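> kindly generate the corresponding structure for this input.
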Amino acid sequence: MQQMESSSRYIYPFACHETERDLCRMELQALFGYAVDPVGPYPFVDTSIVIDPSRSPYLSLRMDVWISEVSWEELLRQAAELELQDRTFKVKYIKNGDPRSFDEQRQMERQVGSVIRGKAEMRTPDLIYGLLSHHGRWTLGVCHPARSVWLEHKHKPQNYSTGLSTAVARALVNIAAPQPDGLRLIDPCCGMGNVLIEALSMGIDMVGRDINPLAIKGARVNLHHFGYESKGLVEIGDMNDITEHYDAAVLDMPYNLCSVLPRDERIRMLTSLKRISIRSVIVSSEPLEEEIREAGLTVMDQGKILKGSFIRNVWLCRSE
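Down below sits the predicted model:
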């Protein structure tokens, strides 16, 4: 029998709306270290990197690979040797691979399930085996479904109508700090705390500042709503006066529909960002390429987020 102890290969299926393709690509690039095409024929990441799939709004699960790239006949032979140690299971066809009809998917799930030595349980199994076909070769592994934590944060007591969505906020945090252990982050224009809440829910050390007292009041209400103590996490303050230093930052540049932040103020804010943070994600409804360069920041990646006719530009930068 084949004992299941640890895997050295992991597959992460993903999906995103066309309006967030750039953001999805940027997040996957940051998390896994290589370019992934969100519109490619096989929307999954194949890697040796282990992360909790619940970190990303675009990952559906993590599959720990046990049987890798074999023929159908060999897959069935190896599946029959798996040792479940009295755990129940079910088999799930992963649709991010080769396209097959609904009937074909169910038939293949039943065939694999019939050779595995264990008790099948369709509703609440101990193990979910993912079945993935890629260019006609088969892979089987144990699935760890993602939990859509950001959906739990959509309904806040306080919010801006033009504020970042929880999914976008979460992705921005992951781009800023793909390996957050031991890092300190800041959102220097935190508004109602959307970015801050996503970071805290992932166990990331992040603080928020905002020059607007009403925004800080709203952020504190939202933090308390989700069970976070706001003392020390969010404070009133101008980002240009910050003296502490951070490993990464997420800066959603202030904007509204009636006026545009003056160019010299944008440069001042970006210069302050360079001073206080090593790595930064900048979000703006305005093109900022010249200001970013003038502030001395180096762009490592960039993209756009679409919401109707409203466009947000996103840049991943580092201080020179």
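
> give me the neighbour count for the closest residue to Gly193 other than its chain neighbours.
Counting by Cβ to Cβ, 6 or more residues apart in numbering, Gly193 lies nearest to Ala219, which is 3.5 Å off, once chain neighbours are set aside. Heads up, the C-betas are built off the backbone N, CA and C, glycines and all. Applying other Cβ atoms under 10 Å, we find 28 residues neighbouring Ala219.

> now swap in Ser285 and tell me
19.

> Thr19 versus that one, what's the distance?
Distance, Ser285 to Thr19, by Cβ to Cβ, to the nearest Å: 15 Å.

> could you do Arg123 as well?
35 Å.

> what do you get for Cys190?
Using Cβ to Cβ, one gets 24 Å for the distance from Cys190 to Thr19.

> what's the answer for Trp138, then?
Distance from Trp138 to Thr19, counting by Cβ to Cβ: 34 Å.

> neighbour-wise, which of the two wins?
The neighbour comparison of Trp138 against Thr19 (other Cβ under 10 Å) goes to Trp138, with 24 against 14.

> am I right that that one sits in a strand?
Yes - counting by DSSP: H, G, I helix; E, B strand; the rest coil, Trp138 falls inside a strand.

> helix, strand or coil for the residue nearest to Gly193?
The three-state label given to Ala219 by three-state DSSP is helix.

> quick one, helices of the stretch 1-150 of the chain?
Taking DSSP state H, counting those that start in this stretch as the test, the helices found in the stretch 1-150 of the chain are 21-32, 72-79, 102-115.

> for Glu294, which of those is the nearest?
helix 21-32 (23.0 Å; Cβ to Cβ).

> from the chain's centroid, how far away is the closest one?
Chain-centre distance of helix 21-32: 8 Å, with Cα atoms, centre = their mean, to the nearest Å.

> ditto for stretch 200-208
With Cα atoms, centre = their mean, you get 14 Å for stretch 200-208.

> export it to PDB, keeping only CA atoms.
Presented in PDB, the C-alpha positions along stretch 200-208 are these (Å, rounded to 0.1, in the frame of the first residue of the first chain):
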ATOM      1  CA  LEU A 200      -5.300  40.800   9.700                       C
ATOM      2  CA  SER A 201      -7.600  37.900   8.600                       C
ATOM      3  CA  MET A 202      -4.500  36.300   7.100                       C
ATOM      4  CA  GLY A 203      -2.500  36.800  10.300                       C
ATOM      5  CA  ILE A 204      -0.400  39.600   8.700                       C
ATOM      6  CA  ASP A 205       1.100  42.300  10.900                       C
ATOM      7  CA  MET A 206      -0.400  45.500   9.400                       C
ATOM      8  CA  VAL A 207      -1.300  49.000  10.600                       C
ATOM      9  CA  GLY A 208      -3.400  51.700   9.100                       C
END
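
> Ala171 touches Leu59, doesn't it?
No - in this structure, Ala171 is not within contact of Leu59 by Cβ atoms under 8 Å, at 10.7 Å.

> same drill for the two, tell me which one is more crowded.
Neighbours per residue (other Cβ under 10 Å) separate Ala171 from Leu59, with Ala171 holding more: 30 against 24.

> once you drop chain neighbours, what's closest to the more buried one?
Closest to Ala171 by Cβ to Cβ, 6+ apart is Glu27, at 4.5 Å.

> any idea how many residues pack against the one you found?
Residues near Glu27, counting by other Cβ under 10 Å, number 29.

> surely it touches Val173?
No - using Cβ under 8 Å, Glu27 makes no contact with Val173, being 9.4 Å away.

> how many residues are close by His224?
His224: 12 neighbours (other Cβ under 10 Å).

> before we move on, what about the one 10 residues further on?
Here the number of neighbours of Val234 (other Cβ under 10 Å) works out to 25.

> ramachandran angles for it?
When quoted as degrees, to the nearest 10, the phi and psi of Val234 stand at phi -130, psi 130.

> who does it form a beta bridge with?
Note on Val234: beta-bridge partners Gly208, judged by DSSP bridges.

> can you pull out the strands in the stretch 51-200 of the chain?
Listed in chain order, the strands of the stretch 51-200 of the chain (DSSP state E, counting those that start in this stretch) span 61-70, 89-93, 127-134, 137-145, 184-187.

> and among the helices of the stretch 1-150 of the chain, the most buried is which?
Neighbour counts (mean count of other Cβ atoms under 10 Å) averaged over each of the helices of the stretch 1-150 of the chain peak at helix 21-32, with a mean of 22.

> pLDDT (mean, whole number) over stretch 211-219?
Mean pLDDT, computed over stretch 211-219, is 95.

> list the buried residues of that stretch.
For stretch 211-219, the neighbour count (16 or more other Cβ atoms under 10 Å) marks 215-219 as buried.

> which one of these is nearest to Glu104?
Among the buried residues of stretch 211-219, and counting by Cβ to Cβ, the member closest to Glu104 is Ala219, at 50.2 Å.
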